[in-house]
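K.L.:
any chance you could fold what I've pasted below:
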Amino acid sequence: MTKTRKRSMCFGLLACLSLVPAAAVDAGGREGIDKVMEATIPPLMKANDIPGMAVAVLADGRARYFNYGVASRESGQPVSEDTLFELGSISKTFTGILGGYALARGKLSLSDPASRYWSELNGSAFDRVSLLQLATYSAGGLPLQFPAASDDKDKMLAYYRDWQPVFAPGSRRLYSNPSIGLFGHLAARSLGQPFDEAMERTLLPRLGLNNTYVHVPAAAQSRYAWGYSKAGKPVRVGPGALDAEAYGIKSSAADMLKYLAINMSGGSDPALRRAIAASHAAYYRVGDMRQGLGWEGYRYPISLSRLLAGNSDAMAFRPQAAQWLTPPLQNDAEALLNKTGSTNGFGAYVLMVPSRGIGLVLLANRNYPNAARVEAAYRILSALEREPKAGPPRRE
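P.N.:
Now for the predicted structure:
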């Protein structure tokens with residue numbers, strides 16, 4: 001394994017984070033998190049045959065990067081905080097914020113029927129499915145993935161027109177790419193843009209992210225890691241129906257830490273602030289998990305067993321009764337927000353605790369079990385909580 005490279009810096013570019021001089025960080029706390037990282041990440045990589053990982057932590061306004069292994073086994077290129085990884089379903093949190101942005105701009109209402117934003121759906125089941133139900137996987141049983149015969153942008157409309165709910169809309173949560181993918185597609189339509197354009201030209205610049213993409217440009221290809229399949233073959237995500245909306249974003253540890261920072265502060269743009277708040281709101285509960293727009297939240301502090309339950313296979317593959325919160329729970333002062341994401345060759349996890357000013361990013365170029373990600377993140381989070389001076393970001 002390539003030797004770990006650690007880097008620590010302050011976020012001077014983000015108004016949402018306080019500037020903390022390096023000398024102000026307690027050396028014992030820094031050494032403590034270094035030891036926790038070394039005791040957590042290399043064994044995790046070995047156990048899951050992960051070629052490379054980029055881990056980033058935010059506490060007390062300080063960004064710290066821990067880079068391990070290689071972005072490509074073939075070239076031996078080392079991982080850095082600027083290496084691009086596929087985010088998989090963490091992309092859904094971006095889609096949720098884009099929908100929130102359209103809401104803040106008065107372009108849509110979450111209570112509107114989905115067919116209002118795509119006339120070709122008139123007369124289908126989506127006359128009776130709301131945008132909120134699409135965004136929260138509660139449309140009535142849309143599956144995890146498109147059927148193979150419909151997994152194409154030119155065939156998806158016929159699939160949606162023929163689809164019929166298995167459950168009453170709003171009654172059950174069933175995690176679904178076609179569900180939130182359609183929400184993203186319709187949100188972009190409400191803004192008068194294709195989704196890729198709405199994301200790359202409208203939302204990502206407002207988030208201050210300059211190393212995050214739907215389509216990785218030629219100039220950034222050298223930073224784009226290769227993922228590795230179960231068979232150990234180099235792979236990258238392929239095209240599919242609503243792929244960008246559901247699982248298509250690529251980003252780096254450094255940019256994702258900026259993303260968590262602006263999620264915690266809300267930023268200075270009023271529309272973006274409202275968009276982020278809408279994505280964080282809790283619309284219903286399934287056990288301890290509170291469903292937002294892409295984001296999944298919990299009351300904090302939370303035990304490891306409860307966090308594992310919320311990120312379990314049962315939550316991903318089985319329908320769960322939705323207990324709606326009316327009105328939605330907003331601006332919870334004590335919340336943890338998180339999201340897992342995977343493609344065939346990548347596995348990622350992000351979490352943040354806004355009240356503590358703590359953010360954590362784990363990016364890997366292999367898909368490995370969610371439970372292992374959550375356990376590693378929880379161990380690091382516990383260490384960050386023990387560090388001195390951890391607190392919420394200050395706003396300027």
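K.L.:
quick one: residue 344 and residue 92, what's the gap?
P.N.:
With distances taken as C-beta to C-beta, to the nearest Å, residue 344 is found 17 Å from residue 92. From N, CA and C alone the C-beta is placed, and that goes for glycine too.
K.L.:
of these two, which one has the most company?
P.N.:
More crowded of residue 344 and residue 92, by other C-beta atoms under 10 Å: residue 92, with 31 against 17.
K.L.:
am I right that that one sits in a strand?
P.N.:
No. Counting by DSSP: H, G, I helix; E, B strand; the rest coil, residue 92 is not part of a strand but helix.
K.L.:
surely it is in contact with residue 339?
P.N.:
Yes. Applying C-beta atoms under 8 Å, one finds residue 92 in contact with residue 339, separated by 6.9 Å.
K.L.:
now for the two: what residues contact both?
P.N.:
residue 294 (C-beta atoms under 8 Å, 6 or more residues apart in numbering).
K.L.:
so after the lowest-mean-pLDDT helix or strand in the chain, what's the next helix or strand?
P.N.:
Within the chain, no helix or strand scores below strand 5-10, which has a mean of 63 by mean pLDDT, DSSP states H and E. Next helix or strand after strand 5-10 toward the C-terminus (DSSP states H and E): helix 27-48.
K.L.:
next, the buried residues of that following helix.
P.N.:
Residues 29-30, 32-34, 36-37, 40-42, 44-45, 48 are the ones in helix 27-48 that count as buried (16 or more other C-beta atoms under 10 Å).
K.L.:
which elements pack onto it?
P.N.:
Here helix 27-48 touches strand 5-10, strand 52-59, strand 62-69, helix 370-386, going by 3 or more C-beta pairs under 8 Å, 6 or more residues apart in numbering; DSSP states H and E.
K.L.:
average pLDDT across that helix?
P.N.:
The average pLDDT within helix 27-48 is 86.
K.L.:
now that helix against helix 370-386, angle please.
P.N.:
Per axes from the mean of the first three to the mean of the last three C-alpha atoms, to 10 degrees, the angle that helix 27-48 makes with helix 370-386 is 170 degrees.
K.L.:
off-centre distance for helix 27-48?
P.N.:
23 Å (C-alpha atoms, centre = their mean, to the nearest Å).
K.L.:
what of stretch 261-275?
P.N.:
Put simply, stretch 261-275 sits 16 Å off its chain's centre (C-alpha atoms, centre = their mean).
K.L.:
and the end-to-end length of it?
P.N.:
Terminal residues of stretch 261-275 are spaced 15 Å apart (C-alpha to C-alpha, to the nearest Å).
K.L.:
what are the buried residues along it?
P.N.:
For stretch 261-275, by 16+ other C-beta under 10 Å, it's 261, 262, 263, 264, 265, 266, 267, 271, 272, 273, 274, 275.
K.L.:
Throw the helices and strands packed on helix 27-48 into JSON lines and include distance to residue 235 and mean neighbour count, thanks.
P.N.:
What follows is the helices and strands packed on helix 27-48, written out as JSON lines (distance: least, C-beta to C-beta, whole Å; neighbours: other C-beta atoms under 10 Å):
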{"stretch": "strand 5-10", "distance to residue 235": "25", "mean neighbour count": "14"}
{"stretch": "strand 52-59", "distance to residue 235": "14", "mean neighbour count": "27"}
{"stretch": "strand 62-69", "distance to residue 235": "17", "mean neighbour count": "24"}
{"stretch": "helix 370-386", "distance to residue 235": "19", "mean neighbour count": "19"}
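K.L.:
could you list the low-pLDDT ranges of the stretch 201-350 of the chain?
P.N.:
Filtered on pLDDT under 70, the stretch 201-350 of the chain yields no residues whatsoever.
K.L.:
which stretches of it form helices?
P.N.:
204-207, 243-247, 253-265, 270-280, 304-310, 313-317 (DSSP state H, counting those that start in this stretch).
K.L.:
to residue 335, which of these lies closest?
P.N.:
helix 270-280 (7.7 Å; C-beta to C-beta).
K.L.:
need the residues that contact that closest one.
P.N.:
93, 96-101, 103-105, 110, 206-207, 262-263, 266-267, 292-295, 297, 330-331, 335, 337.
K.L.:
now list the buried members of those residues.
P.N.:
Buried among these by 16+ other C-beta under 10 Å: 93, 96-101, 103-104, 110, 206-207, 262-263, 266-267, 292-295, 297, 335, 337.
K.L.:
which residues touch residue 128?
P.N.:
Going by C-beta under 8 Å, 6+ apart, residue 128 touches 113, 169.
K.L.:
look at the residue positioned nearest the centre of the chain and report its pLDDT.
P.N.:
By C-alpha atoms, centre = their mean, the chain has its centre lying nearest to residue 90, at 2.5 Å. Listed pLDDT for residue 90 reads 99.
K.L.:
can you tell me how far it is from residue 54?
P.N.:
Taken as C-beta to C-beta, the span from residue 90 to residue 54 is 14 Å.
K.L.:
name all residues that make contact with the residue of the chain most remote from its centre.
P.N.:
Distance to the chain centre peaks in the chain at residue 123, reaching 33.3 Å (criterion: C-alpha atoms, centre = their mean). By C-beta under 8 Å, 6+ apart, the contact set of residue 123 is residue 115.
K.L.:
for the stretch 101-250 of the chain, what spans make up the strands?
P.N.:
Secondary structure of the stretch 101-250 of the chain (DSSP state E, counting those that start in this stretch): strands at 172-173, 227-228, 234-235, 250-251.
K.L.:
could I get those strands as a markdown table with mean neighbour count?
P.N.:
Shown next, in a markdown table, are these (neighbours: other C-beta atoms under 10 Å):
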| stretch | mean neighbour count |
| --- | --- |
| strand 172-173 | 22 |
| strand 227-228 | 25 |
| strand 234-235 | 18 |
| strand 250-251 | 26 |
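K.L.:
for residue 127, find the nearest of these.
P.N.:
Per C-beta to C-beta, nearest to residue 127 of the strands of the stretch 101-250 of the chain: strand 172-173, 19.3 Å.
K.L.:
what is the burial count for residue 155?
P.N.:
13.
K.L.:
check the one 10 residues further on too.
P.N.:
The tally of other residues near residue 165 (other C-beta under 10 Å) stands at 18.
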